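Peer 1: Give the three-dimensional model of this entry:
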Amino acid sequence: MKYFRDSPWLWPCMAGLLMSTLAPAVHAQTVDVEAAEYLARKSHCTKCHAPAKERTGPALKTIAEKYRGREDAVAALVKHITTGPKIVIDGEEETHKTVQSQDEAQILNLVRYILSH
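Peer 2: Residues are numbered from 1 along each chain as shown. Below is the predicted model:
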């Protein structure tokens, strides 16, 4: 049994298995719409994104369609809203705003809200 416990490949494999098991559960969890919309307003997401209408940024519906069926949808959106990647708006590059929360549950709720459109 010591072999498995000390194996350098065991923990990465276990983490991958856990994430692949939990990813569908993240999509299936209910969304606290009021909390997600509040965080979106607080983080100024609504200046560029609307539920169904294109603004400066894509509509939430468009974002959800882009990520629908992707196994990495949650991880990709969490990374996007928490790291401030470079984006192009009207032909000019700028840094995407980051979500104004460090709370993992709030961030995941916002991502589930986006994907629910």
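Peer 1: name the element the residue nearest to residue 32 when sequence neighbours are not counted belongs to?
Peer 2: For residue 32, ignoring the flanking residues on the chain, the nearest one in space by Cβ to Cβ, 6 or more residues apart in numbering is residue 109 at 5.4 Å. C-beta: built from backbone N, CA, C; applies to glycine. Using DSSP states H and E, residue 109 sits in helix 104-115.
Peer 1: what do you get for residue 39?
Peer 2: Per DSSP H and E: helix 33-42 holds residue 39.
Peer 1: and the closest residue to residue 48 other than its chain neighbours, what is it in contact with?
Peer 2: In space, not counting the residues next to it along the chain, residue 48 is nearest to residue 57; the distance is 3.6 Å by Cβ to Cβ, 6+ apart. Counting by Cβ atoms under 8 Å, 6 or more residues apart in numbering, residue 57 touches 48, 49, 87, 89.
Peer 1: If any of those are buried, put those into a ChimeraX selection.
Peer 2: Entered in ChimeraX, the line below selects the buried ones among these, by 16 or more other Cβ atoms under 10 Å:
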select :49
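Peer 1: Return the member of the contacts of residue 57 nearest to residue 39.
Peer 2: Proximity of the contacts of residue 57 to residue 39 (Cβ to Cβ) peaks at residue 49, which lies at 12.6 Å.
Peer 1: Fine by me, we can end here.
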